[in-house]
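Q: got a sequence here, can you build the structure:
(chains A, B, C and D)
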Number of protein chains: 2
Amino acid sequence: MQLDKLTEERQTEAKRSYDDACGTAHALDLIGERWSLLVLRELMLGPRRFSELKGDLPGISSNVLAQRLVELEQRGLARKLRLPPPASVQVYEATEWGLEAEPIVQALGRWAARSPRHDPTLPISGVSILLSFRTMLDPERARGIDATIGFRFGESGYVARLRDGTITVARGVPDDCDAVVTAAPTDLAAVVYGGAPLDSIGVEGDRTLAKRFTTLFPLPPKVA
Amino acid sequence: MQLDKLTEERQTEAKRSYDDACGTAHALDLIGERWSLLVLRELMLGPRRFSELKGDLPGISSNVLAQRLVELEQRGLARKLRLPPPASVQVYEATEWGLEAEPIVQALGRWAARSPRHDPTLPISGVSILLSFRTMLDPERARGIDATIGFRFGESGYVARLRDGTITVARGVPDDCDAVVTAAPTDLAAVVYGGAPLDSIGVEGDRTLAKRFTTLFPLPPKVA
DNA sequence: CCGTATCCAATAAGATACTG
DNA sequence: CAGTATCTTATTGGATACGG
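A: Reported below is the predicted structural model:
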């Protein structure tokens, strides 16, 4: 028992490191463990609760998620905070530096899009698909569009704003948007990235805009 | 024995996956295992032998390196090839797609440069430091320089060419460069990123150029 | 409901010895 | 040199039980 405890402590202190001055290696020391970067990804569009994170990371177990959150906090990438009453729930929020990891998430996503084994029918989280819009937008195709598109994923709302060939994405109430999509994120992904028909998801408002929106995110050619 | 074999096969088929359509998650399925990306990094500037890789990845064990190389090969990111006689040695080479992972390596490195815990005195490989030049070059500071700088790291030679505020880096014979640095990569890193004096490394040719070269790679402000 | 803590079985990683 | 084989240790995932 005593010995177990000691071993445990030594592990947490002297954790497995690459001992390499290369920045890439150090980054992997910080966020290279299994699940770490995906947890951080889920925080990219605002604070989340433990159960939301668990729900959007299929296959993660409570103990691993809890451990990853502690590590992210210790390393300065996230913080735990309790929302003011009457909400009084606790949420996890990315720090500034944590948010700066988004280019990593994007580089990985853009690179993986060429993978012959990528299966777009797997489940995807709301945050993931919204972030993928940021990553994959083709500014040429988006040029001249000035509009807002809302997304309703169950409880969560997001708003994307197109303007000057750029896109901004944030959590928010989708009600006043030019078009509003109501769907499971996975079904939306099937439309945008899998060529499924627009009818397979719920669209209110400017349907033409929604249709055009789904064409703004071209995938690169596959490798094999 | 039979049972062991069966278990093994099942493992390689149904490997641990995130089962997430997010490209980031799929990328991590491909190169998210421990050491994978660092092995790929070492292939970024040309083919390498098994023992070179082992030597430049301090702490990796033969079996893990061998396994990672097999995986990289299976996934289409690297290939094993035997150099034509009389060399007849076998080397590992990144595929086109493997090379396209460099933005990932760069995003990680750039992000980690802000880490308060980054220790630049740790050992670093020749490939790593040359790649870091690609990542960290400040085009403003490099503007107007048209020159080649050679690097001799033991057996391996590299050439960096500055021009129009950009840098290109490749393996090559450093002999005809405007300046040639002979040093251990770690000592070079101490000069460029740690403020160590230029005298601590060997420099031939245009010393003023070499001095200026070392100032072209500013680090971002630390986080904490 | 929101997590935490603990236990167990399955995998992955590390150390080391050894072979063609 | 280029890996295998073997053994030990660490991490992960899944189940379950517990506390606020």
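Q: wait, residue A:189 sits on residue A:123?
A: No. Counting by CB atoms under 8 Å, residue A:189 sits too far from residue A:123 to count as a contact (9.1 Å). Just so you know, the C-beta spots here come from the backbone N, C-alpha and C atoms, and that holds for glycine as well.
Q: who's more crowded, the two?
A: residue A:189 (22 against 16; other CB atoms under 10 Å in any protein chain shown).
Q: tell me the SS of that one?
A: For residue A:189, the assignment made with DSSP: H, G, I helix; E, B strand; the rest coil gives helix.
Q: now do the contacts for it.
A: By CB atoms under 8 Å, 6 or more residues apart in numbering or on different chains, residue A:189 lies in contact with A:120, A:124, A:129, A:132, B:21.
Q: show me the residues you listed that map onto helices.
A: If you go by DSSP state H, the contacts of residue A:189 have A:129, A:132 in helices.
Q: ok, whichever residue of chain A sits closest to DNA strand C - contacts?
A: Closest contact between chain A and DNA strand C, by CB to the nearest atom of the strand, is at residue A:50 (2.6 Å). Residues counted as contacts of residue A:50 (CB under 8 Å, 6+ apart) are A:65-66, A:69, A:90, A:92.
Q: taking those, tell me the two that lie furthest apart.
A: A:65 and A:90 (13.7 Å; CB to CB).
Q: out of these two, which sits in the busier spot?
A: residue A:65 (18 against 12).
Q: that one contacts residue A:52, doesn't it?
A: No. Applying CB under 8 Å, one finds residue A:65 not in contact with residue A:52, separated by 10.8 Å.
Q: next, show the common contact partners of those two.
A: Common neighbours of residue A:65 and residue A:52 (CB under 8 Å, 6+ apart) do not exist.
Q: what is the neighbour count of residue A:74?
A: Around residue A:74 there are 10 residues (other CB under 10 Å).
Q: can you pull out the strands in chain A?
A: With DSSP state E as the criterion, chain A has strands at A:78-82, A:90-94, A:147-153, A:156-163, A:166-171, A:179-182, A:202-205.
Q: any chance of these in TSV, plus mean pLDDT and distance to residue B:16?
A: As requested, the strands of chain A are exported to TSV (pLDDT from 0 to 100; distance: least, CB to CB, whole Å):
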stretch	mean pLDDT	distance to residue B:16
strand A:78-82	89	24
strand A:90-94	92	25
strand A:147-153	97	27
strand A:156-163	97	28
strand A:166-171	98	30
strand A:179-182	98	33
strand A:202-205	98	35
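Q: can you redo those strands as TSV with distance to DNA strand C?
A: Output for those, formatted as TSV (distance: least, CB to the nearest atom of the strand, whole Å):
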stretch	distance to DNA strand C
strand A:78-82	7
strand A:90-94	4
strand A:147-153	16
strand A:156-163	13
strand A:166-171	17
strand A:179-182	22
strand A:202-205	25
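Q: want to throw those into TSV with distance to residue A:33?
A: What follows is the strands of chain A, written out as TSV (distance: least, CB to CB, whole Å):
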stretch	distance to residue A:33
strand A:78-82	14
strand A:90-94	17
strand A:147-153	28
strand A:156-163	27
strand A:166-171	27
strand A:179-182	34
strand A:202-205	38
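Q: got those as CSV, with distance to chain B columns?
A: Formatted as CSV, these follow (distance: least, CB to the nearest CB, whole Å):
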stretch, distance to chain B
strand A:78-82, 13
strand A:90-94, 13
strand A:147-153, 14
strand A:156-163, 15
strand A:166-171, 15
strand A:179-182, 17
strand A:202-205, 20
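Q: for DNA strand D, find the nearest of those.
A: Comparing those by CB to the nearest atom of the strand, strand A:90-94 comes nearest, at 11.1 Å.
Q: okay, buried residues for that closest one please.
A: By neighbour count on 16 or more other CB atoms under 10 Å in any protein chain shown, the buried set for strand A:90-94 is A:91-92, A:94.
Q: same check, this time on stretch A:214-224
A: A:214, A:216-217, A:223.
Q: point out where chain A drops to low pLDDT.
A: Where chain A drops to pLDDT under 70, the residues are A:1-15, A:84-88.
Q: enumerate the residues of it near DNA strand C.
A: A:16, A:49-51, A:62-63, A:66, A:69, A:89-91 (CB under 7 Å from any atom of the strand).
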